[in-house]
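Trainee: Would you be able to build a 3D model of this:
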Amino acid sequence: MDQITFNHDTVLSEIHMLLPNARRLMTRLNCVGQPVFISKFKLFSDGEAHDNSDPRKGLEEEYDNSREHGEKDMKAALGNVEPLLDEDGDLDITQRPRKNTEASSREVVCPVILKQSGLVLEQEEENPDDEADKCLKDIIRIEHTMATPLEDVGKQVWRGAFLLADFILSRPLMFRGATVLELGAGIGLSSIIMATVAKTVYCTDVGEDLLSMCKRNVTLNKHMMEPTGGEVRVRQLDWLQRDLCTDADVEFSWTEEEVADMYNNTSVIIAADVCYDDDLTDGFFRTLYQLCSSFTHTCMIFISIEKRMNFTLRHMDVSCEAYDHFTQCLSQLQDLVDGRCSFRVQQLCSNFAQFLQYERVEQLELWKVMATPLAFDKTLSDSSS
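Mentor: Numbering: from 1, shown residues only. Reported below is the predicted structural model:
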């Protein structure tokens, strides 16, 4: 496959567009014929993270310095020399010799097909450089697709997952040793990052092909989780169904022990860029309510979202309908009074360190929801009095 074909309903993540020269290796075609790539993302150290909070800052400083020195050098070189004019009286400027444009042009990005077989990951022969990367703690390798229809956007990498990953890495003590549930995990990047500090992460979504890709990503990045002993369990969780699948014959189903562990011990729920469709947003918030009202303990929920603006003929203006519906659901959740669970909503500042290379635009937001079962809240009030 020499190139990717874009259709009218094709969606491409900003991560892929803004990093055109990132190394991406096409490994196979999935069961629906989509090309699957592997991308490598470097995690900045804590010191580097602060320096890279604005990737344009260094470029702007370099430009200003070069311009300042260039002006000084030009003035020193010219002095009081009269400018040269051509026969028409126009300024005659000597052009500097140009570099070889072929050698200095932007590198052409072409997918490299490594394999198209369906062998399990452990049996795949990998490039020696890739094998070395697996041993580097600061390299995360993610298998994903590119330019998918809207219903398959979970197979891509999105900035919301990067923002959530940054927050996790900047607050490791908050999640250390925790049992965490991710809803709408997609290719599993946030769950993998969370497992570098948490004890157990239930990484959930729907679709056998997507969950298989997620499981492969977990295997690709075991070297990141092994130092802390974190574990990622990829499981199916459908927001449109009330009960968890515990059928042993179904891949990615839950065991009874895992269901009990999830309900008894989950203290954190995370979700990255999952509210882009009103029906899915409704299902997401219903699932949140059902889970938290069944817990016997307080739970922290962190939701990252990108506020996407579109011009619509209906409004004849720029609108953010998916985001507006999301905030409306948040408001309804906070105002909910049913005697079972209370929710407190707070938008967090995004001024924490940046550990991954992406544009942290102002439309990226992080929300925190504190869910407290009212029976648990009443117990605390009685004990304090």
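
Trainee: now the helix or strand where Ala271 lies: mean pLDDT?
Mentor: Applying DSSP states H and E as the criterion places Ala271 in strand 266-272. For strand 266-272, mean pLDDT rounds to 98.

Trainee: Can you check what angle separates the helix or strand following it from strand 266-272?
Mentor: Remark: after strand 266-272, the chain's next helix or strand is helix 278-292, criterion DSSP H and E. Taking axes from the mean of the first three to the mean of the last three CA atoms, to 10 degrees, one finds helix 278-292 and strand 266-272 inclined to each other by 170 degrees.

Trainee: Give the buried residues for helix 278-292.
Mentor: Neighbour-count burial for helix 278-292 flags 281, 283-285, 287-289, 291-292 (criterion: 16 or more other CB atoms under 10 Å). In this view, the C-beta of every residue, glycine as well, is placed from N, C-alpha and C.

Trainee: can you check stretch 322-339 too?
Mentor: Applying 16+ other CB under 10 Å to stretch 322-339 flags 322-323, 325-327, 329-330, 333 as buried.

Trainee: what do you get for stretch 149-162?
Mentor: Neighbour-count burial for stretch 149-162 [16+ other CB under 10 Å]: 152-162.

Trainee: sorry, back to before: ok, of the buried residues of stretch 322-339, which one's closest to Thr145?
Mentor: Distance to Thr145, by CB to CB, is smallest for Ala322 among those, at 21.6 Å.

Trainee: beta partners for the closest residue to Val153 other than its chain neighbours?
Mentor: Spatial nearest neighbour of Val153, chain neighbours left out: Val11 (5.4 Å); criterion: CB to CB, 6 or more residues apart in numbering. Beta bridges link Val11 to Thr148, judged by DSSP bridges.

Trainee: Pretty sure Val11 sits against Met146.
Mentor: No. Taking contacts as CB atoms under 8 Å, Val11 lies outside contact range of Met146: 9.8 Å.

Trainee: Looking at the two, which has the bigger crowd around it?
Mentor: Met146 (23 against 16; other CB atoms under 10 Å).

Trainee: can I assume the more buried one is in contact with Pro35?
Mentor: Yes. Between Met146 and Pro35 a contact is recorded at 7.3 Å, counting by CB under 8 Å.

Trainee: Return the residues in contact with Arg286.
Mentor: Arg286 makes contacts with Trp239, as judged by CB atoms under 8 Å, 6 or more residues apart in numbering.

Trainee: Identify the single longest strand in the chain, thanks.
Mentor: When the chain is scanned for its longest strand (criterion: DSSP state E), the result is strand 364-373.

Trainee: Which stretches in the chain count as helices?
Mentor: 14-18, 46-51, 57-78, 101-104, 128-134, 159-170, 172-175, 189-194, 208-220, 222-225, 256-265, 278-292, 321-335, 374-384 (DSSP state H).

Trainee: Farthest pair within the buried residues of stretch 149-162?
Mentor: Asp152 and Phe162 (19.5 Å).

Trainee: so how many other residues sit close to Ala147?
Mentor: Counted with other CB under 10 Å, Ala147 comes out at 17.

Trainee: actually Asp205, not the one I wrote
Mentor: Counted with other CB under 10 Å, Asp205 comes out at 26.

Trainee: about what we covered before: let me have the buried residues of helix 278-292 in a markdown table, extended by distance to Asn265.
Mentor: Formatted as a markdown table, the buried residues of helix 278-292 follow (distance: CB to CB, whole Å):
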| residue | distance to Asn265 |
| --- | --- |
| Thr281 | 27 |
| Gly283 | 24 |
| Phe284 | 22 |
| Phe285 | 23 |
| Thr287 | 18 |
| Leu288 | 17 |
| Tyr289 | 19 |
| Leu291 | 13 |
| Cys292 | 14 |
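
Trainee: Could you check stretch 263-278 and say which residues are buried?
Mentor: 266-276.

Trainee: Which pair in those residues has the greatest spatial separation?
Mentor: Ser267 and Tyr276 (27.0 Å).

Trainee: quick one on the thing from earlier: dump the buried residues of stretch 322-339 into JSON lines; add pLDDT and distance to Gly188 as well.
Mentor: Output for the buried residues of stretch 322-339, formatted as JSON lines (pLDDT from 0 to 100; distance: CB to CB, whole Å):
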{"residue": "Ala322", "pLDDT": "92", "distance to Gly188": "23"}
{"residue": "Tyr323", "pLDDT": "95", "distance to Gly188": "24"}
{"residue": "His325", "pLDDT": "95", "distance to Gly188": "26"}
{"residue": "Phe326", "pLDDT": "96", "distance to Gly188": "22"}
{"residue": "Thr327", "pLDDT": "96", "distance to Gly188": "27"}
{"residue": "Cys329", "pLDDT": "97", "distance to Gly188": "25"}
{"residue": "Leu330", "pLDDT": "97", "distance to Gly188": "25"}
{"residue": "Leu333", "pLDDT": "95", "distance to Gly188": "26"}
